[in-house]
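Participant: got a predicted structure here, sequence first:
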Amino acid sequence: MVIGVIGNWGHSSRTFSFFLGKRVILPQFQHFVEVGKSREFTAIMQGFKDGHKETTGFSWSVEGGIGKIKEVRKMGSEEVAIFEATQPGTGKVCASYCLDEVKDCAEVTVKCPKGMVWNPETKKCIDLGPEIEKYAEKWLGYPRAEGPDANNPENGFDCSGYTQYVYKHFGINLSHKASSQYNELPHVASPQVGDLVFFGNLIRHVGIVVGEDLMKHVSSKRKQIIRASISNFSKYSIPLMGYAGPSGWSNK
């Protein structure tokens, strides 16, 4: 008796097989589904002996709290289950037969669309940019500091330590160096709130875009985190180099 679970999209599929008394897993790959989207999984039963006919009648389940089975369609000796992703995480879509005597699962990772983040209170994916801006606002007025530890509220911030700290809150890990941060994020021509703005031909300063021609950054003159004009800073302090940030992910 063989049960296999296939995850389908486009023209790609792979069968996951389970032999009663002997488990054989074919080469697996990870299924990725965005929150709110659906994907088909097909279960196949073969190899009944002793006069039994091939049949269907699977029990479907979702492990890991990542979604639900929205619909099941019977197609001869196969069943197609429609999996709906409801929140980010890693789990499994499983089909079983005969009280789990025969069972196989496909691994599934659910993510928010690029440029979005999961809000556990509303249980929805929301735009990342405004959330970055809101969190960056929390640290206005915090003192400027220097050195390798200038990247947290206790020690104070330098420019890249501030952007590193804010982005880390959203699971985006950046280096503690402005020039490195520029290369760690997708470059953007039309910056959005939450992106980073970089200054200097060799990149020696960085801030967070919070509105049209506005940024939050660590001011060396005022010795604290402030809100400032991007164009004025570029004109009177360090020339504008460019922008990079999460808004670039949605275009990839």
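Facilitator: It's in.

Participant: ok, residue 183 to residue 224 distance?
Facilitator: Shown here: residue 183 relative to residue 224, a distance of 28 Å by C-beta to C-beta, to the nearest Å. The way it works is simple: take the backbone N, C-alpha and C, and place the C-beta from them, glycine included.

Participant: quick one: which of those two has more around it?
Facilitator: residue 224 (16 against 11; other C-beta atoms under 10 Å).

Participant: correct me, but that one touches residue 145?
Facilitator: No: using C-beta atoms under 8 Å, residue 224 makes no contact with residue 145, being 10.1 Å away.

Participant: ranges for the helices of this protein?
Facilitator: 128-137, 159-168, 178-184, 230-236 (DSSP state H).

Participant: nearest residue to residue 146 in space, please, no chain neighbours.
Facilitator: residue 158 (5.7 Å; C-beta to C-beta, 6 or more residues apart in numbering).

Participant: got the confidence number for that neighbour?
Facilitator: At residue 158, the predicted lDDT confidence score is 98.

Participant: go on, residue 193?
Facilitator: 95.

Participant: I figured it hits residue 212, correct?
Facilitator: No: the pair residue 193 / residue 212 is not scored as a contact, 9.2 Å apart, by C-beta under 8 Å.

Participant: so where is the stretch 151-252 of the chain shaky, pLDDT-wise?
Facilitator: Applying pLDDT under 70 to the stretch 151-252 of the chain picks out residues 250-252.

Participant: and what of the stretch 1-150 of the chain?
Facilitator: For the stretch 1-150 of the chain, applying pLDDT under 70 flags the ranges 1-30, 45-56, 77, 99-101.

Participant: repeat the analysis, applying 80 as the threshold.
Facilitator: For the stretch 1-150 of the chain, applying pLDDT under 80 flags the ranges 1-30, 44-57, 75-78, 97-103, 114-115, 117, 119-121.

Participant: ok, which stretches of it are strands?
Facilitator: Counting by DSSP state E, counting those that start in this stretch, the stretch 1-150 of the chain has strands at residues 2-8, 15-19, 31-34, 38-46, 59-63, 67-75, 78-85, 89-97, 102-111, 116-119, 124-127.

Participant: same for the fourth one, what does it pack against?
Facilitator: Judged by 3 or more C-beta pairs under 8 Å, 6 or more residues apart in numbering; DSSP states H and E, strand 38-46 is in contact with strand 2-8, strand 78-85, strand 89-97, strand 102-111.

Participant: any chance of the ones you listed in CSV, plus distance to residue 65 and mean neighbour count?
Facilitator: Formatted as CSV, the helices and strands packed on strand 38-46 follow (distance: least, C-beta to C-beta, whole Å; neighbours: other C-beta atoms under 10 Å):
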stretch, distance to residue 65, mean neighbour count
strand 2-8, 19, 20
strand 78-85, 11, 20
strand 89-97, 6, 20
strand 102-111, 10, 20
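
Participant: how about a markdown table for the ones you listed, with distance to residue 63 added?
Facilitator: Compiled in a markdown table, those are given as follows (distance: least, C-beta to C-beta, whole Å):
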| stretch | distance to residue 63 |
| --- | --- |
| strand 2-8 | 13 |
| strand 78-85 | 12 |
| strand 89-97 | 4 |
| strand 102-111 | 7 |
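
Participant: what's the local residue count around the nearest residue to residue 164 once chain neighbours are set aside?
Facilitator: Take residue 164 and drop its neighbours on the chain: the residue closest to it by C-beta to C-beta, 6+ apart is residue 174, 4.8 Å away. The tally of other residues near residue 174 (other C-beta under 10 Å) stands at 22.

Participant: OK, contacts around residue 174?
Facilitator: 160, 163, 164, 167, 168, 180, 181, 184, 185 (C-beta atoms under 8 Å, 6 or more residues apart in numbering).

Participant: pretty sure the fourth one is touching residue 131, no?
Facilitator: Just to be clear, that refers to residue 167. No: with contact defined as C-beta under 8 Å, residue 167 and residue 131 do not form a contacting pair (11.0 Å).
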